[in-house]
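A.B. asks: Return atomic coordinates for the entry below.
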Amino acid sequence: MKYAVLAAFAAIPLALAAPAQAASFTFATFTFDQDDTPDTFGLLGNGATIGGATFSSGNATRITRSVGFNSVSGNANAGFVGEPGFDPSLSLGRLGNAQAGLTQSDGSNCLFACAINLPNGNDGRTVRHGIEVSWSGGLVLTNGTGDDFVVFESASSSTGVEGYMVRVGTAGGAFSDWRFETFDAFENYTVSPGATGEGAHATGFDLASFGLGINDTINVIQLANLITADTIGADGRVLFDGTGAAHGFGSSSLDPDPLYIAALSAVIDPNASAVVPLPPAGFLLLGALGTLGFFRRRKAG
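C.D. replies: Numbering: from 1, shown residues only. Sure thing, here's the model as predicted:
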């Protein structure tokens, strides 16, 4: 009987110690856990003034065709084969279709991952629209060390850079200024048959750049296209009074296609009770053996 009890104790810590399988992917040098991707989507527009930026009437209405983001083969007309475990429904175009009714020009949803066309009409000289994303269940993104989230923006080529700005908000309702940052890396999509120049520019954002302290948290990220009149301050803030430097984007480069926003730092539940981590399986097993030995000694005595 004591051997059966010992086997039962030995099995318990091994099961408790088994780590969860992370849905980790890498694109344009950034590695992210897809389980931490924001999954709640909204639109910015309707003539509102948001953080000093004037938005145009209406909202964005269109998404792009499918692109080979984190795929291993395929094409936009027939669909893609994604990397094992990749969920394309978390791309911004798919979220926009499911939660805001955005469609391709023929009224359909895309087949795989796809992006949002900003602004409505794709002419950003004077028209501005945007999006916002957050995490369901009240989750928040923590300001860690280095970049805390990355924006992937779909592009026709590595040189087809387009202008957009980003700001972040906290659970208490406070928002940062709008910021512009140059992209960090570019990677071509996996598309067959034949190679194309299409891919995504990746821009990493450090929450410290938005004025947050270490371990501070945010619960929303907003993104919108730049317009011709916007200027950029020396600290990267977007200035709407013309007092900064010209952003340098031509009229044909003010129609970004945001594809995916991924968290790079910890996404947590701020209301969760502290969880005491389990000790290594070996310590649990030794504890079980020690307990059994104690009972045996008491019985023998």
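A.B. asks: For the residue positioned nearest the centre of the chain, which residues are in contact?
C.D. replies: Compute the mean C-alpha point of the chain, and by C-alpha atoms, centre = their mean the closest residue is residue 262, 2.0 Å away. Residues near residue 262 by C-beta atoms under 8 Å, 6 or more residues apart in numbering: 30, 32, 34, 36-37, 149-150, 152. Heads up, the C-betas are built off the backbone N, CA and C, glycines and all.
A.B. asks: likewise residue 119?
C.D. replies: 56, 60, 127-129, 225, 255.
A.B. asks: Need those residues in JSON lines (columns: neighbour count and distance to residue 145).
C.D. replies: Formatted as JSON lines, the contacts of residue 119 follow (neighbours: other C-beta atoms under 10 Å; distance: C-beta to C-beta, whole Å):
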{"residue": "56", "neighbour count": "18", "distance to residue 145": "38"}
{"residue": "60", "neighbour count": "24", "distance to residue 145": "34"}
{"residue": "127", "neighbour count": "20", "distance to residue 145": "38"}
{"residue": "128", "neighbour count": "24", "distance to residue 145": "33"}
{"residue": "129", "neighbour count": "24", "distance to residue 145": "33"}
{"residue": "225", "neighbour count": "27", "distance to residue 145": "30"}
{"residue": "255", "neighbour count": "21", "distance to residue 145": "34"}
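A.B. asks: Just give me the closest of those to residue 190.
C.D. replies: Lowest distance from residue 190 to these (C-beta to C-beta) belongs to residue 255, with 24.3 Å.
A.B. asks: in what helix or strand does the closest one lie?
C.D. replies: Counting by DSSP states H and E, there is no helix or strand that carries residue 255.
A.B. asks: if I look at it, how far off is residue 69?
C.D. replies: 19 Å (C-beta to C-beta, to the nearest Å).
A.B. asks: can you give me phi and psi for residue 268?
C.D. replies: phi -130, psi 160 (degrees, to the nearest 10).
A.B. asks: Quick check: the residue lying closest to residue 251 once chain neighbours are set aside vs residue 44, distance?
C.D. replies: Spatial nearest neighbour of residue 251, excluding adjacent residues (C-beta to C-beta, 6 or more residues apart in numbering): residue 125 at 4.9 Å. Look at residue 125 and residue 44: by C-beta to C-beta, they are 18 Å apart.
A.B. asks: Have a look at those two and say which one is more surrounded.
C.D. replies: Higher neighbour count among residue 125 and residue 44: residue 44, with 20 against 14, using other C-beta atoms under 10 Å.
A.B. asks: List the beta-bridge partners for the more buried one.
C.D. replies: Per DSSP bridges, the residues bridged to residue 44 are residue 130.
A.B. asks: Now the phi/psi pair for residue 95, please.
C.D. replies: Main-chain torsions, residue 95, degrees, to the nearest 10: phi -60, psi -40.
A.B. asks: Just to check, it is in contact with residue 42?
C.D. replies: No - between residue 95 and residue 42 there is no contact under C-beta atoms under 8 Å: 9.6 Å.
A.B. asks: Neighbour count: these two, which is higher?
C.D. replies: More crowded of residue 95 and residue 42, by other C-beta under 10 Å: residue 95, with 25 against 16.
A.B. asks: excluding its backbone neighbours, what's nearest the more buried one?
C.D. replies: Nearest one to residue 95, counting by C-beta to C-beta, 6+ apart, is residue 41 at 4.0 Å.
A.B. asks: contacting residues around that neighbour?
C.D. replies: 92, 95-96, 98-100, 131-133.
A.B. asks: counting contacts, what elements does whichever strand or helix holds residue 97 pack onto?
C.D. replies: Using DSSP H and E, residue 97 maps to helix 92-100. Judged by 3 or more C-beta pairs under 8 Å, 6 or more residues apart in numbering; DSSP states H and E, helix 92-100 is in contact with strand 40-44, strand 130-134, strand 258-263.
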